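**Student:** task: produce atomic coordinates for the following.
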Amino acid sequence: MNILCLASYEKGHDFLREAKRQGAGVMLLTSQSLQHTAQWPRESIDEIFYMPDTDHEWVRADVIKAVSFLARERVIDRIVALDDFDVELAAALREHLRVPGMGETTVRHFRDKLAMRRKARASGLLVPDFVHVLNHAAVARFMEHTPAPWVLKPRSMAGAIGIQKIHQAADLWPALELLGDMQSFYLLEQFVEGDIFHVDTIVYQDEIRFAIASGYGRPPMEVSHGGGIFTTRILERQSEIATGLLAENRRVLSALGMVRGVSHTEFIRGKADGRIYFLETSARVGGAHIVELVEAASGLNLWGEWAKVEIAGGDHPYDPPSVREDYAALLISLARQEHPDTSAYQDPEIVWRLVQDHHAGLLLASPSAARIRDLLSQYETRFMHDFNAWAPPRDKPSH
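**Tutor:** Numbering: from 1, shown residues only. Predicted coordinates for the structure are as follows:
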């Protein structure tokens, strides 16, 4: 079994290590701009290849030609995108080389926010009202019949990158003019006020083998655009909201066609009506250290399990290991200090500390959900005083 991993950004170390532990040959195709900075686990990689990147993007046709050239002398059994921005490219390579895995049509449902919303709505799932930014008359009708505010979203970015909140119709048209010929790569969506949640999942042969529900503190978009502390915590497993989220997550992944892999799916519970709306999903692990959050609560590493799923590939059985049912919470803040010092935080529930310039972060774990809620509340207040800073959100990703 030989796996080619695509990573235009540095991530997925645990996937690479587990794939090698499982006996796979591991090849990594990554960005030339990372050649001298990324700390890849070289002991777990047989070969590394570098692609030139212009403005942190690969040229699709060039990658297809390069990988086809590699395949002249190397057997490629699986192609895996370690980053969200490589998911569509991985699908294109699978189609071109006829390698098993998610193809381009299905991948659209896990990458293109417009495609996933249309498919979800057609499958009877509840989604915020939306319109493709394509026909201006249709956009005008949408704003006339859908109360403001709205959210202007890029169809294929990750997280809160490129998202704008629009408060009135007069604000939208200048924003669209700035987009120019890129307008059709956006959608306009009704802003639904409420609490944001995520479900992180392992799927194998159409069956959910593991899923865990978590709730953000303030919505990630609000933190990105207005500052504050990013937090998320594992929900009480038998709570009404957790069981409701797991049920909706099952419907989403079935409707969108995930056969095997991992997924990070986000929902909102509307403040006005209490209903659960589907926001978006993905065919990859969650970012922002959510893998560490899940592992702290369950003992299960999503990167490692994903590697096992890929290697099993539908030809062999896969079952996740037995998991703990502890609780965990994560908090991360942009920091005023270049090297923030979190040593004053000494509670035994701290199991991980973020080491990153101008960022402070802690991960908490305990068998007690109440203890986690209490510590998270305390720490969020302290982080605001000790570290918190704010910077304008990015319009595009960066290494």
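
**Student:** can you classify the spatially most central residue of the chain as helix, strand or coil?
**Tutor:** By Cα atoms, centre = their mean, the mean C-alpha position of the chain lies nearest to residue 286, the distance being 3.7 Å. Of the three states, residue 286 takes coil under DSSP: H, G, I helix; E, B strand; the rest coil.

**Student:** what is the least confident helix or strand in the protein?
**Tutor:** helix 220-226 (a mean of 81; mean pLDDT, DSSP states H and E).

**Student:** that older thread, so what's the residue nearest to the centre of the chain up against?
**Tutor:** Neighbouring residues of residue 286 by Cβ atoms under 8 Å, 6 or more residues apart in numbering: 198, 200, 264, 302. Using the backbone N, CA and C atoms, a C-beta is placed for each residue, glycine as well.

**Student:** list the buried ones in whichever strand or helix holds residue 138?
**Tutor:** Using DSSP states H and E, residue 138 sits in helix 136-145. Within helix 136-145, the residues that count as buried by 16 or more other Cβ atoms under 10 Å are 139, 142-143.

**Student:** what's the answer for stretch 52-65, then?
**Tutor:** By neighbour count on 16+ other Cβ under 10 Å, the buried set for stretch 52-65 is 53, 58, 63-64.

**Student:** inside strands: which ones of the contacts of residue 286?
**Tutor:** Among the contacts of residue 286, DSSP state E puts 198, 200, 264 in strands.

**Student:** what is the burial count for the last one?
**Tutor:** When you say that, I think you mean residue 264. Other residues lying near residue 264 total 23 when counted by other Cβ atoms under 10 Å.

**Student:** among the contacts of residue 286, who's most crowded?
**Tutor:** Neighbour max across the contacts of residue 286 (other Cβ under 10 Å) = residue 302, 28 neighbours.

**Student:** what's the spacing between that residue and residue 285?
**Tutor:** Residue 302 is 5 Å from residue 285, where distance means Cβ to Cβ, to the nearest Å.

**Student:** overlap in contacts, those two.
**Tutor:** In contact with both residue 302 and residue 285: 200, 262, 291, using Cβ under 8 Å, 6+ apart.

**Student:** including pLDDT and distance to residue 308, could those go into a markdown table?
**Tutor:** Listed next are the shared contacts of residue 302 and residue 285 as a markdown table, based on pLDDT from 0 to 100; distance: Cβ to Cβ, whole Å:
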| residue | pLDDT | distance to residue 308 |
| --- | --- | --- |
| 200 | 98 | 16 |
| 262 | 98 | 11 |
| 291 | 97 | 15 |
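
**Student:** now distance to residue 10 too, for those, in TSV please.
**Tutor:** Compiled in TSV, the shared contacts of residue 302 and residue 285 are given as follows (distance: Cβ to Cβ, whole Å):
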residue	distance to residue 10
200	21
262	18
291	14
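
**Student:** what is the nearest of these to residue 9?
**Tutor:** Using Cβ to Cβ, residue 291 is the member of the shared contacts of residue 302 and residue 285 that lies nearest residue 9, at 14.5 Å.

**Student:** make sure that closest one is actually in contact with residue 12.
**Tutor:** No: Residue 291 is beyond contact range of residue 12, at 9.7 Å (criterion: Cβ atoms under 8 Å).

**Student:** need the overlap of contacts for these two.
**Tutor:** With contacts defined as Cβ under 8 Å, 6+ apart, the residues shared by residue 291 and residue 12 are residue 303.

**Student:** give me the low-pLDDT residue ranges for the stretch 201-350 of the chain?
**Tutor:** Filtered on pLDDT under 70, the stretch 201-350 of the chain yields no residues whatsoever.

**Student:** in it, what residue spans correspond to strands?
**Tutor:** Secondary structure of the stretch 201-350 of the chain, counting by DSSP state E, counting those that start in this stretch: strands at 207-216, 230-234, 261-270, 276-280, 327-334, 350-353.

**Student:** and the second one, what does it pack against?
**Tutor:** When you say that, I think you mean strand 230-234. Applying 3 or more Cβ pairs under 8 Å, 6 or more residues apart in numbering; DSSP states H and E, one finds that strand 230-234 makes contact with strand 207-216, helix 290-298, strand 327-334, helix 369-386.

**Student:** buried ones in the longest one?
**Tutor:** Across helix 369-386, burial judged by 16+ other Cβ under 10 Å covers 369, 371-372, 375-376, 379-380, 382-383, 386.

**Student:** distance of residue 268 relative to residue 217?
**Tutor:** For residue 268, the distance to residue 217 equals 14 Å [Cβ to Cβ].

**Student:** mind showing which ranges of the stretch 1-150 of the chain have poor pLDDT?
**Tutor:** Scanning the stretch 1-150 of the chain for pLDDT under 70 picks out the ranges 54-56.

**Student:** make a markdown table from the helices and strands packed on strand 230-234 and add distance to residue 91 to it.
**Tutor:** Output for these, formatted as a markdown table (distance: least, Cβ to Cβ, whole Å):
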| stretch | distance to residue 91 |
| --- | --- |
| strand 207-216 | 22 |
| helix 290-298 | 22 |
| strand 327-334 | 30 |
| helix 369-386 | 38 |
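
**Student:** chain center to stretch 47-55, what's the gap?
**Tutor:** Here stretch 47-55 is found 22 Å from its chain centre; the criterion is Cα atoms, centre = their mean, to the nearest Å.

**Student:** residue 12 contacts residue 303, correct?
**Tutor:** Yes: using Cβ under 8 Å, residue 12 is in contact with residue 303, at 6.0 Å.
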